[in-house]
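Enquirer: the following comprises the amino acid sequence and a computationally predicted model.
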Amino acid sequence: RSQKMAGTVNWGTATVIGVFAGLFYGGSKEAAASVSKDAEVMLKLGSTPDKREQYRLMRDAMEKRFIRVTRGSIVGGIRLGMFTAAFYGLQNLLAEKRGVHDVYNVVGAGSATAATFGLI
């Protein structure tokens with residue numbers, strides 16, 4: 001087992017932070033996007049005099065919003081977590097193989113990761 005080189009980042013910790021940042025970003029992005037869809041529900045509520053129908057419309061809208069925000073959180077967390085894991089894993093691999101931790105490791109890892117995730 002080799003010694004950890006000074007200046008390198010623990011990719012496991014970075015991945016966990018990336019997953020949580022992605023969860024937060026994906027959820028907040030979907031929550032902000034669903035505001036316009038909530039406006040459509042409010043228009044339907046105003047045109048429906050039946051209270052049961054209003055309740056059903058509101059419940060359906062809230063369920064759909066919850067599902068959208070949850071799905072956005074999960075997808076965002078997985079995508080950003082995979083990106084950070086690949087980036088820091090490649091950066092540490094390059095530092096270990098080259099024997100030096102410098103900016104070229106960051107550039108190489110960033111380029112390879114961006115190219116890979118640009119294709120996905």
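Expert: Noted; the coordinates are in hand.
Enquirer: which helices and strands sit right next to the longest helix seen in the chain?
Expert: In the chain, with assignment by DSSP state H, the single longest helix is helix 51-98. Counting contacts by 3 or more CB pairs under 8 Å, 6 or more residues apart in numbering; DSSP states H and E, helix 51-98 packs against helix 11-33, helix 35-46, helix 103-119. All C-beta atoms are positioned from the backbone trio N, CA, C, and that covers glycine.
Enquirer: next one: the last one to chain centre, how far?
Expert: This means helix 103-119. Counting by CA atoms, centre = their mean, to the nearest Å, helix 103-119 is centred 18 Å from the centre of its parent chain.
Enquirer: what residues are up against residue 116?
Expert: residue 86 (CB atoms under 8 Å, 6 or more residues apart in numbering).
Enquirer: separation between it and residue 86?
Expert: Applying CB to CB, to the nearest Å, the value for residue 116 to residue 86 is 7 Å.
Enquirer: assign residue 101 to helix, strand or coil.
Expert: coil (DSSP: H, G, I helix; E, B strand; the rest coil).
Enquirer: isn't it right up against residue 93?
Expert: No. Between residue 101 and residue 93 there is no contact under CB atoms under 8 Å: 11.7 Å.
Enquirer: and the two? Which one has more around it.
Expert: Counted by other CB atoms under 10 Å, residue 101 and residue 93 do not tie: residue 101 has more neighbours, with 18 against 14.
Enquirer: dump stretch 99-108 to PDB, restricted to CA.
Expert: In PDB, the C-alpha atoms belonging to stretch 99-108 read as follows (Å, rounded to 0.1, in the frame of the first residue of the first chain):
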ATOM      1  CA  GLY A  99       4.800  10.600  -8.700                       C
ATOM      2  CA  VAL A 100       4.100  14.300  -8.400                       C
ATOM      3  CA  HIS A 101       1.000  16.300  -7.500                       C
ATOM      4  CA  ASP A 102       0.700  19.400  -9.800                       C
ATOM      5  CA  VAL A 103      -1.700  21.200 -12.000                       C
ATOM      6  CA  TYR A 104      -1.300  18.800 -14.900                       C
ATOM      7  CA  ASN A 105      -3.100  16.100 -12.800                       C
ATOM      8  CA  VAL A 106      -6.000  18.400 -12.300                       C
ATOM      9  CA  VAL A 107      -6.100  19.400 -16.000                       C
ATOM     10  CA  GLY A 108      -5.800  15.700 -17.200                       C
END
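Enquirer: alright, that wraps it up for me.
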